[in-house]
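In: test case, fold it:
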Amino acid sequence: MRTQLEEQPADESEQRGSLHISHTTRADGQPMTTRGLSVVLPAWNEEAVIAQTVQAVVQTLSQVAPDYEVLLVDDGSTDQTGAIADALAAKNPRIRVIHNRPNRGYGGALIAGFNAVSKDLTFFMDADGQFDIGDITKLLAHLEEADAVLGYREQRQDPLLRIVNAWGWKMLMRLLFGLKVRDVDCAFKLYPTELVRRANVQAQGAMVNTEMLVKLHRLGYRWVEVPIQHYPRQGGKATGANLRVILRAFRELLKLHHRIKHEEL
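Out: Presented below is the predicted three-dimensional model:
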């Protein structure tokens, strides 16, 4: 039976934009992990923030986990996101770009990244500037306590309607699958790559996180949940409240429920 661990929210807030250099190494000055770390960054029309996001990721990981790679997934962007990504990769061999043509959706972007990772650990984060990569140190600090580490948005900075919809979705996941997770769709999660491969998620849309966690839950894996910072969107366009995205999520939900009910993992 899976058990679930949870860290209490920190009392002191941290400033956005800080790379948290004082927390990126252990007390003995060594990196927080020597394990290889693949970072998947799905992006759709994020030309306003993508370069800044990637720069912060590279600067932080060089101290946190020196054996790293960045997989930047341009999911059919119609702006300059793809061109900016290619320019970044041309300057840094640790950055690889995957171009989804046409747009495959959020799940399709993550899956494209998951299929390309080559390191022992897989971490993913949205590239829209709403997360601080420095918070990965909070996840790495709990890596030995469970099979996976899940971030949850301590103070979610989204419109009220999206927050209400997310709460309803969370309750539905508990009802249908017994999935007790504070923030199912938080795009700030750390998994051993072996688990990502074993879960073999298929959802091309917003169901990707739910499918991953439902499968790991059924396989008996444990996770710890850690509070992270969340910030208002500074550029680009959110798609989570789009009617097409919502309808696609429910179609994938029905398919997953059918598979779970009739198949054994």
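
In: list the contacts of the one helix or strand residue 190 maps to.
Out: Here residue 190 sits within strand 188-192, counting by DSSP states H and E. Strand 188-192 has contacts (C-beta atoms under 8 Å, 6 or more residues apart in numbering) with 120-126, 131, 135-136, 139-140, 143, 147-151, 209, 212, 228. (Each C-beta comes from the backbone N, C-alpha and C, glycine too.)

In: so which of these belong to strands?
Out: Those of the contacts of strand 188-192 mapping onto strands are 121-125, 148-151, 228, per DSSP state E.

In: list only those of those flagged as buried.
Out: Buried members of those, scored by 16 or more other C-beta atoms under 10 Å, are 121-125, 148-151, 228.

In: so what's residue 73 up against?
Out: Residue 73 is in contact with 40-43, 97-98, 100, 109-110, 112-113, counting by C-beta under 8 Å, 6+ apart.

In: is it in a helix, a strand, or coil?
Out: Assigned by DSSP: H, G, I helix; E, B strand; the rest coil, the conformation of residue 73 is strand.

In: and for residue 145?
Out: Following three-state DSSP, residue 145 is assigned to coil.

In: for residue 224, see how far away it is.
Out: As judged by C-beta to C-beta, to the nearest Å, residue 145 and residue 224 stand 5 Å apart.

In: in terms of neighbours, single out the busier of those two.
Out: residue 224 (21 against 12; other C-beta atoms under 10 Å).

In: wait, a strand at that one?
Out: Yes: when classified by three-state DSSP, residue 224 is found to be part of a strand.

In: let me know how buried residue 30 is, in neighbour terms.
Out: Neighbours of residue 30 under the rule other C-beta under 10 Å: 10.

In: how close does it sit to residue 197?
Out: 28 Å.

In: and residue 71, by the same measure?
Out: Using C-beta to C-beta, one gets 15 Å for the distance from residue 71 to residue 197.

In: between these two, who's got more neighbours?
Out: A count of neighbours by other C-beta under 10 Å puts residue 71 above the other of residue 71 and residue 197, at 23 against 13.

In: just the helices in the stretch 101-250 of the chain please.
Out: In the stretch 101-250 of the chain, helices defined by DSSP state H, counting those that start in this stretch lie at 106-116, 136-140, 160-177, 193-199, 208-218, 243-262, listed in chain order.

In: so for residue 186, which of those helices sits nearest?
Out: Residue 186 lies closest to helix 208-218 among the helices of the stretch 101-250 of the chain, at 7.8 Å (C-beta to C-beta).

In: C-alpha coordinates for the closest one, PDB please?
Out: This file holds the C-alpha atoms of helix 208-218, laid out as PDB (Å, rounded to 0.1, in the frame of the first residue of the first chain):
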ATOM      1  CA  VAL A 208      -0.800  13.400 -18.500                       C
ATOM      2  CA  ASN A 209      -0.100  14.100 -14.800                       C
ATOM      3  CA  THR A 210      -3.200  12.200 -13.600                       C
ATOM      4  CA  GLU A 211      -2.300   9.200 -15.700                       C
ATOM      5  CA  MET A 212       1.200   9.200 -14.400                       C
ATOM      6  CA  LEU A 213       0.200   9.300 -10.700                       C
ATOM      7  CA  VAL A 214      -2.700   6.900 -11.100                       C
ATOM      8  CA  LYS A 215      -0.400   4.300 -12.600                       C
ATOM      9  CA  LEU A 216       2.300   4.800  -9.900                       C
ATOM     10  CA  HIS A 217      -0.300   4.700  -7.200                       C
ATOM     11  CA  ARG A 218      -1.600   1.300  -8.500                       C
END
